[in-house]
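J.: Need the 3D shape of this:
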Amino acid sequence: MSEPPRTWDPNLWPPFTQIATSSPPQEIVSGEGALLLRNDAPPIIDAISSWWVTLHGHGHPYIANAIANQAQELEQVIFADFIHPQAKQLARRLSQITGLQRLFFSDNGSTAVEVALKIACQWWQNRNEPRRQLIAFEGAYHGDTFGAMALGERNLFNAPFENMLFPVSRLPWPATWWGDNKVEKKEQLVLDKLEQLLETPTAAVIFEPLVQGAGGMSMVRPEFLQQVEKRVRQAAALLITDEVLTGFGRCGTIFAFQKAGLQPDLISLSKGLTGGFLPMGVTMAHEKVFSEFVGKDPNLTFWHGHSFTGNPLGCAAANASLDLLLDNPNQYENFESRHMPHLKKIITHSKVKNVRLTGTIAAFDLNVDGASGYLNTAGQIIKSQAMKNNVFIRPLGNVVYLLPPLCISNSQLEKCYWAINKSLESI
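T.: Got it, this is the predicted structure:
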């Protein structure tokens with residue numbers, strides 16, 4: 001049965017989409033596990049967890065029931081004047097897991113980064129030691145609000161706002177892959193440059209631990225990040241890890257900073273936080289950071305907030321998602337072994353290079369003509385061909401990756417790789 005022609009909805013404005021050159025989106029009526037369900041068409045395997053948020057699968061009954069039960073008790077309350085049991089429980093649990101004592105709620109990943117950034121800058125101001133320099137990495141993506149844009153890679157996504165973004169000092173990201181024999185040299189060059197930058201008093205250094213997501217699923221070694229932290233500590237700067245993508249089991253441990261052997265001062269969290277059910281952001285802060293915001297002088301106050309700060313429904317979803325993660329760590333701790341046999345086969349393909357793997361995230365570059373990056377059209381061909389086989393992927397230009405829900409079955413994962421292999425014949 002051929003699909004009926006699709007048309008653009010007259011009222012919706014989709015993200016990251018040029019209407020003039022894109023196909024209209026398909027309508028999804030429900031989801032179940034790793035599948036997206038359509039009317040009068042076969043189900044689609046959601047191989048990227050719906051932009052990396054759907055952790056345990058679509059419609060997981062445990063999280064859905066937790067939200068429903070909470071909705072009958074308390075759906076929302078102003079968090080500046082009140083707290084509630086779900087927020088207390090979530091804060092206690094995340095504090096125990098991260099080793100950071102204070103939790104600040106926001107609405108999404110970008111705002112979680114904004115909060116961390118503002119806290120870091122004001123922390124120095126509150127100490128009467130104002131520091132201005134911020135250090136980030138080339139290729140980074142930290143969100144689309146203004147502060148997050150400034151921290152991220154300057155590219156076509158934020159070019160219209162270039163003259164409105166504050167300056168940030170940048171370092172190369174020494175990405176590595178299987179068979180990379182130059183990684184140590186690349187890392188040392190970055191570390192040498194970091195030492196030079198840190199000669200200027202620095203407020204904070206921020207990075208996505210182990211994996212840069214939107215920057216092309218670019219991966220670095222734990223040893224490199226440990227050397228970065230060592231130099232950050234020597235310079236007495238704050239360390240921020242952006243775990244919006246990498247958190248909640250995606251890299252093989254609950255948080256990527258744990259796998260990397262780090263202890264950040266601030267952590268930004270979102271995406272998998274609620275299992276993909278509701279939007280919510282969290283910034284975790286060390287007690288030493290929080291304590292500088294406490295005092296009788298109103299200027300010490302962190303004057304930041306969101307209408308839905310600490311939303312009880314989001315907290316209920318997050319607590320339920322944590323239950324599932326903590327009750328079954330094998331799902332994320334052993335996911336690399338599920339990717340491995342498929343990657344060992346695909347690495348031999350002539351159109352594949354720079355294969356890499358961290359936890360649930362498998363990626364490779366397409367060995368094709370044209371500039372690398374988001375505008376390389378080869379990925380769009382792969383995406384289109386995979387969709388014909390009812391597998392949804394969304395390559396980042398010439399970077400193909402899989403980041404499936406933890407619940408994906410072995411047969412579904414095998415079909416994802418089969419569809420990608422078949423798609424490679426089209427380029």
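J.: so I427 makes contact with G379?
T.: No - with contact defined as CB atoms under 8 Å, I427 and G379 do not form a contacting pair (9.2 Å). Quick note: C-beta positions are derived from backbone N, CA and C, even for glycine.
J.: all helices of the stretch 101-250 of the chain, in order?
T.: When assigned using DSSP state H, counting those that start in this stretch, the helices of the stretch 101-250 of the chain occupy the ranges 109-126, 146-151, 183-197, 222-234.
J.: List the buried residues for stretch 415-427?
T.: Residues of stretch 415-427 classed as buried: K415, C416, Y417, A419, I420, N421, S423, L424, I427 (neighbour count, 16 or more other CB atoms under 10 Å).
J.: Make TSV out of the residues you listed and add secondary structure, distance to G99 and pLDDT.
T.: TSV is the format used below for those (DSSP: H, G, I helix; E, B strand; the rest coil; distance: CB to CB, whole Å; pLDDT from 0 to 100):
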residue	secondary structure	distance to G99	pLDDT
K415	helix	40	98
C416	helix	35	98
Y417	helix	37	98
A419	helix	41	98
I420	helix	38	98
N421	helix	42	97
S423	helix	43	97
L424	helix	43	96
I427	coil	46	88
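J.: right, so the helices of the stretch 101-250 of the chain: which one is the most enclosed?
T.: Ranked by mean neighbour count under mean count of other CB atoms under 10 Å, the helices of the stretch 101-250 of the chain are led by helix 109-126, which reaches a mean of 24.
J.: For F146, see how far away the residue nearest to K118 when sequence neighbours are not counted is.
T.: Counting by CB to CB, 6 or more residues apart in numbering, the nearest residue to K118 once its immediate chain neighbours are dropped is H304, at 6.1 Å. Distance of H304 to F146, computed by CB to CB, to the nearest Å: 14 Å.
J.: L403 now?
T.: As defined by CB to CB, L403 lies at a distance of 27 Å from F146.
J.: same thing with S49?
T.: Counting by CB to CB, the gap from S49 to F146 is 27 Å.
J.: and V355, helix, strand or coil?
T.: Of the three states, V355 takes strand according to DSSP: H, G, I helix; E, B strand; the rest coil.
J.: Report how many residues lie close to G281.
T.: Burial measure for G281: 27 neighbouring residues, criterion other CB atoms under 10 Å.
J.: Now for it: which residues touch it?
T.: 105-112, 115, 244, 268-270, 273 (CB atoms under 8 Å, 6 or more residues apart in numbering).
J.: re earlier: if we compare the helices of the stretch 101-250 of the chain, which one ends up closest to C407?
T.: Set against C407 and scored by CB to CB, the helices of the stretch 101-250 of the chain come closest in helix 109-126, at 22.3 Å.
J.: Which residues does that closest one contact?
T.: When contacts are taken as CB under 8 Å, 6+ apart, the neighbours of helix 109-126 outside the stretch itself are 104, 106, 130-131, 134, 142-145, 147-148, 151, 203-204, 206, 238, 240, 242, 244-245, 265-271, 281-283, 285, 289, 292-293, 299-300, 302, 304, 306.
J.: And for stretch 371-391?
T.: Identification of contacts with stretch 371-391 by CB under 8 Å, 6+ apart yields 42-45, 47, 155-156, 216, 365-366, 368, 370, 392-400, 415-416, 418-420, 422-424, 426-427.
J.: Tell me which of the residues you listed fall in strands.
T.: P42, P43, I44, I45, D365, L366, F392, V399, V400 (DSSP state E).
J.: is it possible to export the residues you listed to JSON lines including pLDDT, neighbour count and distance to F224?
T.: Listed next are the ones in strands among the contacts of stretch 371-391 as JSON lines, based on pLDDT from 0 to 100; neighbours: other CB atoms under 10 Å; distance: CB to CB, whole Å:
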{"residue": "P42", "pLDDT": "97", "neighbour count": "10", "distance to F224": "43"}
{"residue": "P43", "pLDDT": "98", "neighbour count": "16", "distance to F224": "41"}
{"residue": "I44", "pLDDT": "98", "neighbour count": "20", "distance to F224": "37"}
{"residue": "I45", "pLDDT": "98", "neighbour count": "25", "distance to F224": "34"}
{"residue": "D365", "pLDDT": "97", "neighbour count": "26", "distance to F224": "20"}
{"residue": "L366", "pLDDT": "97", "neighbour count": "24", "distance to F224": "25"}
{"residue": "F392", "pLDDT": "98", "neighbour count": "19", "distance to F224": "33"}
{"residue": "V399", "pLDDT": "97", "neighbour count": "23", "distance to F224": "20"}
{"residue": "V400", "pLDDT": "98", "neighbour count": "26", "distance to F224": "24"}
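J.: List just the nearest of the residues you listed to L324.
T.: Checking those against L324 by CB to CB gives I45 as the nearest, at 20.5 Å.
J.: which residue sits closest to that closest one, ignoring its sequence neighbours?
T.: Nearest residue to I45 in three dimensions, chain neighbours excluded: V391, at 4.9 Å (CB to CB, 6+ apart).
J.: what's the burial count for the one you found?
T.: Number of residues near V391 (other CB under 10 Å) recorded here: 23.
J.: Relative to L402, how far out is it?
T.: The spacing between V391 and L402, counted by CB to CB, is 9 Å.
J.: Can you pull the residues that touch both of those two?
T.: Any residue near both V391 and L402 by CB under 8 Å, 6+ apart counts here, and that gives A47, C416, I420.
J.: quick one: the first one from Q133, how far?
T.: Using CB to CB, one obtains 40 Å as the distance from A47 to Q133.
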